[in-house]
Every structure is written in structure tokens, then in C-alpha cells.
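Asks: Here you go, sequence then predicted model.
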Amino acid sequence: HSKGEGKNTFRFFHEELNRITRDHMALDHALRHAVQNDELVLLYQPKVNLETGEVTGVEALLRWNSPTFGMVSPIRFIPIAESNRTIIPIGEWVLRTACRQQVAWREQGLDLDMAVNISPIQFKSQAVISQVSSAIAETGIDPARLELELTESTLVEKPEAAMKTMNNLREIGCGIAIDDFGTGYSSLSYLRNFPVTCLKIDRSFICELAKNAGDRAIARSIVELAKSFGTCTVAEGVEGMDQQDILSDLGCDYIQGYLYSPPVAAERLVQVVQEIKQGFCDLHYGGEGSQ
Ligand code: C2E
Ligand code: MG
Ligand code: MG
Ligand code: MG
């Protein structure tokens, strides 16, 4: 390495940092108006019962359609929304919109479980309980149909406070799922005490399920653990039949993934639900339909 190269590397690094900071500030600024400007959209991904092939629920997944930046992935903007706390009004919008959609489908005869992702910042803010209760009151959703997805990172920091909030949410009547389960650091004893209704097996254990015995062992342990605590299991990111077959053998309850459907717009969901049911029946009963 010559001295010049080092300098160039440093300059590149410096410029790159500047660019990242500029992008971040621009996104930060634009995000503050995203809710009022009606730039947020929810997509819905079906959750399929592995035994019956029935779509029993959906997960609401947020998209930001920014006039300046185009479609921005939540992976990119949620951390920014968390750092400037716009995640609080955004999270409130997500809850209300998802609940309203659940009721709209129910009125069309499709009564689905609605899972909503809750950010750790939103969960820790005192707002979460009132946000959830008013979303329920305003929309008339059956609270038992609403499930809140929390990540392990939400629970580890202050387990006592987290437990209290979770208990309040359970009293309101909604379910609580642990998202990306297995990737965080929550200890098993927390799990014993937390009022959790569902464990979602992280996609990182699902991708190589057919090839990797270690991943199969982890998936099997999570399903067993869930069974012993009386909670259900959802496998996320299922893309192939080989994965589905293994999960079905393990006794996993539900799967979510591109195998059945990516997240879709609300207008498309009813049709997707019918197609999934039909496809499952064709596969298992040789096209006899759903009798
Ligand atoms: P998540 O809650 O674990 O959601 C699952 C992610 O996996 C989604 O990405 C989904 O589109 C993607 N996915 C589903 N099936 C497959 C598959 O078969 N293969 C692959 N490769 N991916 C699959 P998405 O929609 O980009 O969301 C990413 C993350 O952003 C979510 O992870 C969640 O943590 C966060 N997020 C999304 N919407 C919200 C929201 O409304 N509020 C909050 N706080 N976070 C959200
Ligand atoms: Mg989720
Ligand atoms: Mg997840
Ligand atoms: Mg995930």
C-alpha cells in the first residue's frame, strides 16, 4: 500500500459517509410528512394453515411510496422512523389501517387474523396501549383477530415493563407473536413468563431447511418448545415445497412465504386466498376441490 492509496481510500470513505448522511437526512425529513401526505401503503401476506391449506390470516407489511425516493423498503426507512420517532404516528396509522381492512374483509365474508408489526420504540412508548385500544374501538375489529408481532429485542431490555405491557395487551384481547424467533437473545425463562400466543420461526432457519441438519434441529426445537408452552408456530420465508414438507412433518402450524404469495395489495387479497385454497386442494386431493 502506498501512502496515496490510503489517502484515496480515506477520501472515498469520507465521501461515502457524507452521501449516507445526506440521504439519511433527506429521508428523515420526507418521512415526517409521509403520513399526512398519504404516502404509506400496507401490503398483506397470507398465512396458510399447513394442515388444511386454508388462509387463516395475513401479516400487514408497510411500504412507503415517496414522491421523491420512489418505493422505499421498510428495512431502510423503519430505522430512520425509529430514530426520529415518527414511528409513533406511523405505527398508529398502520394499526388503524390494518384493523379497518380486517373489518372490510369480514364484511365481505372473509374473517382473517390480522398480524401487525410493532416497533420496539412504539412498544416502549406509553402510546402503544392507547393506540391499540383506539384502533379496536374506531374500527370495530374483534380484538381476538388482532395479533401484535414483537421482536425479541423489544423484550430483553426491560423484561418487567415489557411483561406488564404484554399483559395489558392480552387483557384487551389481542394475541402476541414473537417475530424472527431464534435470532435474538431472549432467554427461555422469559418465554415461560411472557403471555405469548405465537412464535414465528425466523427465515434464516427456513431458507436451507432441506440442506442443513442444524437448521432442521433448530426448527424442530422451536416447534417443540412452542407446543409445550401451548403457543402456535409460524414459519416465515417458506419458498419451496421441500421446506413445506419438512415443516409439516415437524408439526409447524402455519407457513408464510413466496411459496404461496408475496405480500399483495388489499384489492388482490381475496383472489389470492381463493387461489391458494384451490392450489392446495389440487395438490393434495388431485383437483377434487374442497369437498
Ligand atoms: P418481518 O416482520 O419479519 O416480515 C417478513 C419479511 O419477509 C417481509 O419483508 C416479507 O415481505 C418478507 N418475506 C415474506 N416471505 C418471504 C419469502 O418467502 N422469501 C423472502 N426472501 N422474503 C419473504 P418486508 O415487507 O420488506 O419487511 C421487512 C421488515 O420490516 C419486517 O420483517 C418488519 O420487521 C419490518 N416492518 C414491515 N412493516 C412494518 C410495520 O408496519 N411496522 C414496523 N414496526 N415494522 C415493519
Ligand atoms: Mg413480522
Ligand atoms: Mg418476521
Ligand atoms: Mg424477519
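Replies: Looks like it arrived, so ask away. Ligands and ions are numbered 1, 2, ... in the order given.
Asks: Which stretches in this structure count as strands?
Replies: Here the chain has its strands, by DSSP state E, at 40-49, 55-66, 70-72, 113-117, 146-151, 175-181, 198-201, 232-235, 254-255, 264-265.
Asks: In its sheet, which strands sit next to the last one, and in what direction?
Replies: Strand 264-265 has the following sheet partners, assigned by DSSP bridges: strand 40-49 (antiparallel).
Asks: Pull out the buried residues from the partner strand.
Replies: Applying a neighbour-count criterion of 16 or more other C-beta atoms under 10 Å, one finds 40, 42, 43, 44, 45, 46, 47, 48 buried in strand 40-49. Where C-beta positions appear, they are placed from N, C-alpha and C, glycine not excepted.
Asks: Let's see it as PDB, backbone CA atoms only.
Replies: Taking Å, rounded to 0.1, in the frame of the first residue of the first chain, the C-alpha atoms of strand 40-49 are listed here in PDB:
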ATOM      1  CA  LEU A  40     -47.800   5.000   3.200                       C
ATOM      2  CA  VAL A  41     -49.400   1.700   2.000                       C
ATOM      3  CA  LEU A  42     -50.000  -1.600   3.600                       C
ATOM      4  CA  LEU A  43     -49.500  -4.900   1.700                       C
ATOM      5  CA  TYR A  44     -50.800  -8.200   3.100                       C
ATOM      6  CA  GLN A  45     -49.100 -11.600   3.100                       C
ATOM      7  CA  PRO A  46     -51.200 -14.700   3.600                       C
ATOM      8  CA  LYS A  47     -50.600 -17.100   6.400                       C
ATOM      9  CA  VAL A  48     -51.500 -20.600   5.400                       C
ATOM     10  CA  ASN A  49     -52.700 -23.400   7.800                       C
END
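Asks: what does it rub up against?
Replies: 34, 54-65, 90, 93-94, 97-98, 101, 113, 115, 234, 253-256, 260-266, 269, 272-273, 276, 280 (C-beta atoms under 8 Å, 6 or more residues apart in numbering).
Asks: Show me how far that strand is from its chain's centre.
Replies: Relative to the centre of its chain, strand 40-49 is centred 9 Å away, using C-alpha atoms, centre = their mean, to the nearest Å.
Asks: right, is that strand up against ligand 2?
Replies: No - Strand 40-49 does not reach ligand 2 (C-beta under 5 Å from the ion); its nearest approach is 9.1 Å.
Asks: now the strands of the chain as TSV including mean pLDDT?
Replies: Formatted as TSV, the strands of the chain follow (pLDDT from 0 to 100):
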stretch	mean pLDDT
strand 40-49	98
strand 55-66	97
strand 70-72	93
strand 113-117	98
strand 146-151	97
strand 175-181	95
strand 198-201	96
strand 232-235	97
strand 254-255	98
strand 264-265	98
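Asks: show me where the protein has helices.
Replies: Counting by DSSP state H, the chain has these helices, from start to end: 3-31, 74-83, 87-107, 120-124, 127-139, 152-156, 159-172, 188-193, 203-206, 213-229, 241-250, 266-285.
Asks: Please produce TSV containing those helices, extended by mean pLDDT.
Replies: Shown next, in TSV, are those (pLDDT from 0 to 100):
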stretch	mean pLDDT
helix 3-31	75
helix 74-83	94
helix 87-107	97
helix 120-124	95
helix 127-139	97
helix 152-156	88
helix 159-172	95
helix 188-193	80
helix 203-206	96
helix 213-229	95
helix 241-250	97
helix 266-285	86
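Asks: Distance to residue 181 for those - can I get that in a markdown table?
Replies: Output for these, formatted as a markdown table (distance: least, C-beta to C-beta, whole Å):
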| stretch | distance to residue 181 |
| --- | --- |
| helix 3-31 | 29 |
| helix 74-83 | 19 |
| helix 87-107 | 21 |
| helix 120-124 | 15 |
| helix 127-139 | 20 |
| helix 152-156 | 7 |
| helix 159-172 | 15 |
| helix 188-193 | 9 |
| helix 203-206 | 9 |
| helix 213-229 | 6 |
| helix 241-250 | 14 |
| helix 266-285 | 24 |
